[in-house]
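A.B. asks: need a 3D model of the following:
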Amino acid sequence: MSELRNPWQLLYRVYRHVQPVLEREFTAWYEKAQAIPNPELGKQAQDSMNSKKFHCQGGCVYAAQVIPYVETIVPLIVAYQTISDYLDNLCDRSTSLDPKDFRQLHYSMQDALTPGAPLRDYYRYREDKDDGGFLADLVQTCQRYAAQLPAYSKIQPQVLVFSCLYSDLQVYKHIAQHLREAELLAWWEEHRERYDYLHWQEFAAVTGSTIGIFALFCLATEENVSEETIHTVSEAYFPWLCGLHILLDYLIDLEEDRLGGDLNFVSYYESEQVAAERLQFFIKQAKASVARLPNPAFHRMIVDGLVAFYLADRKVNRNQPHIYTIARQLLKQAKGLPSVLFYVNSLLVRR
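C.D. replies: Numbers count the residues shown, from 1 in each chain. Next comes the predicted model:
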């Protein structure tokens, strides 16, 4: 892993080395999505890629640390994130409310992180089944590239922990609306003792991020990476960077989810002021925790980039004062040249 010291260097590497590979991989998967025989599965695959490409773009920024492995890390991140976004659409937009169905679909995410694992019938509990091999190809692509990382066996236990928690969240948050909160709270009780400094909805938000997995992928390019380093990176990302990532995502969707009656974890704060304070706390903790990581300047830029990226969204405007007020307070905390540069870049990417 090579050190990144400033945002200009990071953006140069992203656009010069990472972006071309990302575009190639994303285009190839989109063409496969267009060829899915089942109309419903094809629609959800294409819709997820049309609306959530920025998830792949954000995830692939991690590859800027490991340019010699860009042809391994970028295809791995694109394939894994495409599974995540596709399954989110399948669960969120489908007529099914069956937790068995959601669980079966998400086994693909753990299989993807387990080189050599046999494929399963991921569509076992739903009527729409024929995806032309789309999901299976994604799983096997992840397996193939993960196996090429020199220290993958060292990070595998931790990425599987993150993946299983992510899948738990997807199951509980997509079941029947009147059951969701009770299931999420029961799940929280299983983890409360370890994360008693978090609110229950914050823990749920933390589990919804894939960036901790991507950070560990990059560590696995170093054959001699230590268990201590893996632990330190894992502790920084889970909960602080992962939590900041998803809480910002929910923040910008706050009004949209309120109107649509959808679950939104930011809405569970007692007030706007509490929400702003907790998000500021996550920014502060994230910045403190990355100081202990290898290549700390890169991870600090990730924190600044997350704030800039989400708060550059069209939904953050004066017409939605609840979001706008909190966003202005957060941008003040993520100040300096990196934040300004990432904010301008985010405006170009998202708008």
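A.B. asks: going forward, measure contacts between C-alpha atoms and count neighbours the same way
C.D. replies: Noted.
A.B. asks: how about the helices in the stretch 101-250 of the chain?
C.D. replies: All helices of the stretch 101-250 of the chain, identified by DSSP state H, counting those that start in this stretch, fall at 134-146, 152-174, 177-191, 200-207, 211-219, 227-235, 242-252.
A.B. asks: what angle do helix 200-207 and the last one make with each other?
C.D. replies: Helix 242-252 and helix 200-207 meet at an angle of 110 degrees, taking axes from the mean of the first three to the mean of the last three Cα atoms, to 10 degrees as the criterion.
A.B. asks: show me how far whatever helix or strand comes next after helix 242-252 is from its chain's centre.
C.D. replies: Under the assignment DSSP states H and E, the closest C-terminal helix or strand after helix 242-252 is helix 254-260. Offset of helix 254-260 from its chain centre (Cα atoms, centre = their mean, to the nearest Å): 21 Å.
A.B. asks: average pLDDT for stretch 128-147, rounded please.
C.D. replies: The average pLDDT within stretch 128-147 is 98.
A.B. asks: where's it relative to the chain centroid, distance-wise?
C.D. replies: Per Cα atoms, centre = their mean, the centroid offset for stretch 128-147 relative to its chain is 19 Å.
A.B. asks: residue contacts, residue 242?
C.D. replies: Residues near residue 242 by Cα atoms under 8 Å, 6 or more residues apart in numbering: 205-212.
A.B. asks: repeat that with 6 Å
C.D. replies: 206, 209 (Cα atoms under 6 Å, 6 or more residues apart in numbering).
A.B. asks: can you map out the strands along the stretch 1-150 of the chain?
C.D. replies: Using DSSP state E, counting those that start in this stretch, the stretch 1-150 of the chain contains no strands.
A.B. asks: can you list the weak-confidence ranges in the stretch 201-350 of the chain?
C.D. replies: Applying pLDDT under 70 to the stretch 201-350 of the chain flags residues 313-319, 321-322, 324, 331-350.
A.B. asks: try it again at 80.
C.D. replies: Across the stretch 201-350 of the chain, the stretches falling below the confidence threshold (pLDDT under 80) are 259-261, 309-350.
A.B. asks: returning to that earlier point: the helices of the stretch 101-250 of the chain: which one's closest to residue 7?
C.D. replies: Taking Cα to Cα, helix 211-219 is the member of these nearest to residue 7, at 17.8 Å.
A.B. asks: and the closest one with helix 200-207, angle?
C.D. replies: Helix 211-219 runs at 30 degrees relative to helix 200-207, counting by the same axes, to 10 degrees.
A.B. asks: and helix 211-219, how far out from the chain's middle?
C.D. replies: With Cα atoms, centre = their mean, you get 11 Å for helix 211-219.
A.B. asks: next, the angle from it to helix 152-174.
C.D. replies: Using the same axes, to 10 degrees: helix 211-219 against helix 152-174 is 170 degrees.
A.B. asks: tell me which strands and helices helix 211-219 is in contact with?
C.D. replies: Applying 3 or more Cα pairs under 6 Å, 6 or more residues apart in numbering; DSSP states H and E, one finds that helix 211-219 contacts no other helix or strand.
A.B. asks: CA atoms of that helix as PDB?
C.D. replies: Taking Å, rounded to 0.1, in the frame of the first residue of the first chain, the C-alpha atoms of helix 211-219 are listed here in PDB:
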ATOM      1  CA  ILE A 211     -16.800   0.300   3.200                       C
ATOM      2  CA  GLY A 212     -15.200  -1.600   6.100                       C
ATOM      3  CA  ILE A 213     -15.000  -4.600   3.900                       C
ATOM      4  CA  PHE A 214     -13.400  -2.600   1.100                       C
ATOM      5  CA  ALA A 215     -10.800  -1.200   3.500                       C
ATOM      6  CA  LEU A 216      -9.900  -4.700   4.600                       C
ATOM      7  CA  PHE A 217      -9.700  -5.800   0.900                       C
ATOM      8  CA  CYS A 218      -6.800  -3.300   0.500                       C
ATOM      9  CA  LEU A 219      -5.100  -4.500   3.600                       C
END
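A.B. asks: who's in contact with that helix?
C.D. replies: Against helix 211-219 from outside (Cα under 6 Å, 6+ apart): 159, 237.
A.B. asks: same thing but 7 Å
C.D. replies: Here helix 211-219 makes contact (Cα atoms under 7 Å, 6 or more residues apart in numbering) with 59, 62-63, 66, 77, 155, 159, 162, 225, 234, 237-238, 242.
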